[in-house]
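**Q** Predicted structure and sequence below. I'll ask about it afterward.
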Amino acid sequence: MFEAILTICLLSSGGECRDALQPGYEAVTRLACETALAAHPPAHLPAGHATAEPACQPVGEVLSFDELAPGLFAHRGQIAEPNADNRGDVSNIGFIIGDTSVAIIDTGSARWMGEAIWRAVRAETDLPVSHVILTHMHPDHVFGASAFEDTGAEFVGHAALNRALADRQESYRASLADLIGPVAFLGTDIVATDIPVDDTLQIDLGDRPITLRVWPTGHTGTDLTVLDEKAGILFTGDLIFHQHLPALDGSLRGWLAVLDEMASLPATQIVPGHGGPILDWPTGRDDVARYLKVLERDTRAAIDRGQRLGDAVNEIAASEASHWHLFDAFNARNATVAFTELEWE
């Protein structure tokens, strides 16, 4: 198999480049790929400096996915912070194949991941990717989306997602490029959603209905879940963490309320935003709910004692440290958000 590749380089560099996929030109022969390129040149080129016109090369890196149910696939990201070794591959990603089209759920931290997802889908089916669904605003879930701009897919997310990303994109871009390295981040750009969801939305992939639902502010203010009704599997985004300490970027009380409401959803299993990649439901929410309740309890106790925030953050939820990876990276931040929310009740 051959695919279309464009070499892109850092605008500020004389030699740091990478090969970026132009999806949609896959063919058995190089000639067929080149013919398709000549007939329909790509409309959206990845961010960076292109050194030449797209050319056809053998298929490149494919992201690994497990088939958790017929037609439902999940990739398990590393339980780690983004770094140069993992190139930002730290969150879970999924895709669902119906009779007529495919939906992708989250796209990773950088364009290279979106490209590798596309190849994984193409290894399973020739059906078009009709929807790219983004579960919330955090960059490790959305920054690979620009790889799908020329594929005909519609981008779907919470009604507040576009504004949230617009407000944060510069800081997100700078921090991720620094963490994973500028070459791994090359070509990455923000993509606006075409279909904003403000309540629920059902999409039919062809005898494969999936139901999208947005939630009140919890993990973030832009949380959305995806239920594959045929398989009974729910993609929770980061409303559910497994092994990776939950990261609070919204409302502690809101997140606890959302978890209670989610328990009644008609799913038997879930794909969490991190960990897993498959957990039973509703027991899959238990660890997150326990941690958040301890966070709330300890924060209220610190406030009642009159502790200052700077003294309290090292004590709040300390009993949870042995239960999670990345506790030191996230708990103090969670305690700060919780303290700020609860002290003004």
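**A** Structure received.

**Q** Would you mind splitting this structure into its domains for me?
**A** 2-58, 66-280, 292-342 (automatic domain parsing).

**Q** hey, least reliable of the ones you listed by pLDDT?
**A** Among the domains of the chain, domain 2-58 carries the lowest mean pLDDT, at a mean of 88.

**Q** Give me the distance between that one and the centre of its chain.
**A** 25 Å (C-alpha atoms, centre = their mean, to the nearest Å).

**Q** That domain: end-to-end distance?
**A** 4 Å (C-alpha to C-alpha, to the nearest Å).

**Q** Please state the offset of stretch 66-82 from the chain centre?
**A** 11 Å.

**Q** try stretch 153-166
**A** The answer for stretch 153-166 is 12 Å, by C-alpha atoms, centre = their mean.

**Q** distance between the ends of it?
**A** 21 Å.

**Q** If you count neighbours, what's buried in it?
**A** Ala153, Glu154, Phe155, Val156, Gly157, His158, Ala160, Leu161, Asn162, Ala164, Leu165 (16 or more other C-beta atoms under 10 Å). For every residue, glycine as well, the C-beta is placed using N, CA and C.

**Q** Which residues does that stretch contact?
**A** 104, 128-137, 142, 145, 148, 172, 190-198, 201, 203, 212, 214, 220-224 (C-beta atoms under 8 Å, 6 or more residues apart in numbering).

**Q** Ala263 reaches Pro282, doesn't it?
**A** Yes - assessed by C-beta atoms under 8 Å, Ala263 is found in contact with Pro282 at 4.3 Å.

**Q** Look at these two and report which has more neighbours.
**A** Pro282 (18 against 14; other C-beta atoms under 10 Å).

**Q** Next step: the buried residues of stretch 153-166 restricted to strands.
**A** Glu154, Phe155, Val156, Gly157, His158 (DSSP state E).

**Q** For those residues, please prepare CSV with the additional fields distance to Thr236.
**A** Output for these, formatted as CSV (distance: C-beta to C-beta, whole Å):
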residue, distance to Thr236
Glu154, 22
Phe155, 20
Val156, 16
Gly157, 15
His158, 14
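
**Q** Any idea which of the domains of the chain gets closest to Asp286?
**A** Closest to Asp286 of those is domain 66-280 (C-beta to C-beta; 9.4 Å).

**Q** what about Thr188, distance to Gly144?
**A** 8 Å (C-beta to C-beta, to the nearest Å).

**Q** Apologies, that question was intended for Leu224.
**A** 17 Å.

**Q** again, but for Thr107
**A** 3 Å.

**Q** And those two? Which one has more around it.
**A** Between Thr107 and Gly144, Gly144 has the larger neighbour count (other C-beta under 10 Å), namely 32 against 28.

**Q** Quick one: residues contacting the more buried one.
**A** Contacts of Gly144 by C-beta under 8 Å, 6+ apart are Thr107, Gly108, Ser109, Ala110, Arg111, Trp112, Met113, Gly114, Glu115, Ile117, Thr188.

**Q** Check this structure for its longest strand and report it.
**A** strand 17-27.

**Q** ok, and what's touching that strand?
**A** In contact with strand 17-27 (C-beta under 8 Å, 6+ apart) are residues 1-10, 33, 36-37, 42, 46, 48, 51, 54, 56-57, 59-60, 111-112, 115, 118-119, 122, 147-148, 150-151, 183-184, 186-187.

**Q** Quick check on these: which are buried?
**A** 2-10, 33, 36-37, 42, 46, 48, 54, 56, 111-112, 115, 118-119, 122, 147-148, 150-151, 183-184, 186-187.

**Q** Take the residues you listed and keep only those in strands.
**A** Counting by DSSP E, the buried ones among the contacts of strand 17-27 place Phe2, Glu3, Ala4, Ile5, Leu6, Thr7, Ile8, Cys9, Cys56 in strands.
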